[in-house]
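K.L.:
3D model of this:
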Amino acid sequence: MNKSVIFIGFGSIGQRHYANLFDVSKNIKVKTYIGENKREIKKRPNNKLSINNIEVILNKNKLKTELEFLAAGDIVLICNRSSDHSSYLEFVSSNVKKDVLIVIEKPLSTNLFELKKISHIRKNSNIFVISQFRCSPVFSELKKIINNKNYGDLISFSLINHEAIQNWHPWENFRDSYSTQKSFGGGCLLTQIHDLEILYGLLGLPEKVHFFFGDGNNLNIDVDDYYLASLVFRNQRDIFGTITSSYYSNAKPRMHYFTFENAFISWNLNQDTLNIDYKKDINLKSFSRNQLFISLARQMIYLSNELMRNNEPKIQNNFGLISIKDAFIFNEWLLSSI
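P.N.:
Numbers count the residues shown, from 1 in each chain. Model prediction:
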């Protein structure tokens, strides 16, 4: 079944999605809009697929025409820099039919005012936001453990996520990345938003939150280079916890710790393993980081097929594409809290 896929932005993450969509479904025709006055795609060193057959859309008027011609079940992927997410989501949703799948990277917006300007689309059933860690079997298992109280109530948590930003894209200067520029929606919190979004998926919104930010001076950037969040969730009892994240550390620690009444559970996100009371790590299935993105690609194809057939999609616990309505709640809370 042939599908047209239009990418808005085609950097590192866009090319990853392209490779995985092609792996899942060979019958895709890809076009990309990479911004005004750009004629060529910059191929990333880790992309093994040919990009010679990808048509570059050269201006926004041409993009509008291409969007209008998309058919039921076709896909638009918005994966440009964070500061442009909301404006392009508005543009795309205004120019495609309701049975075209729109998928956007998080955050929806880096600015509360801009987010509120697009609040009218929060009920659109064809828009989904990427949350790849929800594809992990560990996420699903943790959610069951918390909800079923297998080890009693959750008492506290500590989430750790550190990685030297110089190692993210070693083929380019990290100061040229959107992640390190305020005008592009960068900063450690908004770029490393995954940990907060995982908590939202597991526990909902917190009752209280306090953020503390680094000033970026050590890296000579104009955004936060690390942050600490102190959070309180209200269930049948208060649940206290912290998140620490930074643009530092070659060791790349990415660990989530959860203390229950009757167990201590850790999730190693680099290996996707679950450990209970310091016993042997449990691999719920073989894992490589890209498997999360392959799952996303399969889910995109599934959703696009359901839209084409005018069916209501069945959203499972391990779905890494969350509804625009759900994402709005999270994004609005976050931008109101910082």
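
K.L.:
Could you check which helix or strand contains residue 227?
P.N.:
Here residue 227, judged by DSSP states H and E, is contained in strand 226-234.

K.L.:
what pairs with that strand, and is each one parallel or antiparallel?
P.N.:
In its sheet, strand 226-234 lies beside strand 208-213 (antiparallel), strand 238-246 (antiparallel), with partners assigned from DSSP bridges.

K.L.:
what lines up beside the helix or strand following the longest one in the sheet?
P.N.:
Following the chain from strand 238-246 toward its C-terminal end, the next helix or strand by DSSP H and E is strand 254-260. The partner list of strand 254-260 in its sheet, established with DSSP bridges, is strand 154-162 (antiparallel), strand 264-268 (antiparallel).

K.L.:
so where's this structure uncertain?
P.N.:
Along the chain, the parts satisfying pLDDT under 70 run over 1, 36-39, 46, 286-287.

K.L.:
residue boundaries of the helices in it?
P.N.:
With DSSP state H as the criterion, the chain has helices at 12-24, 60-68, 85-95, 112-117, 137-148, 188-191, 194-203, 289-308, 324-337.

K.L.:
Give me the contacts around the shortest one.
P.N.:
I take that to be helix 188-191. Taking CB atoms under 8 Å, 6 or more residues apart in numbering as the criterion, the residues outside helix 188-191 that touch it are 82, 107, 110, 178-179, 196, 211, 213-214, 223-227, 245-247, 338. In short, each C-beta sits where N, CA and C put it, glycine included.

K.L.:
From the residues you listed, list the buried ones, please.
P.N.:
82, 107, 110, 178-179, 196, 213-214, 223-227, 245-247 (16 or more other CB atoms under 10 Å).

K.L.:
and which of those residues is nearest residue 68?
P.N.:
Checking those against residue 68 by CB to CB gives residue 82 as the nearest, at 26.2 Å.

K.L.:
so the closest one sits right up against residue 111, yeah?
P.N.:
No. Between residue 82 and residue 111 there is no contact, the gap being 9.8 Å when judged by CB atoms under 8 Å.

K.L.:
hey, what's in contact with both of the two?
P.N.:
Shared between the contact lists of residue 82 and residue 111 (criterion: CB under 8 Å, 6+ apart) are residues residue 185.

K.L.:
The residue lying closest to residue 201 once chain neighbours are set aside and residue 259: what is the separation?
P.N.:
Once flanking residues are discounted, residue 201 sits nearest to residue 134: 5.6 Å by CB to CB, 6 or more residues apart in numbering. When CB to CB, to the nearest Å is the yardstick, residue 134 and residue 259 sit 22 Å from each other.

K.L.:
again, but for residue 276
P.N.:
Taken as CB to CB, the span from residue 276 to residue 259 is 12 Å.

K.L.:
Between those two, which contacts overlap?
P.N.:
With contacts defined as CB under 8 Å, 6+ apart, the residues shared by residue 276 and residue 259 are residue 265.
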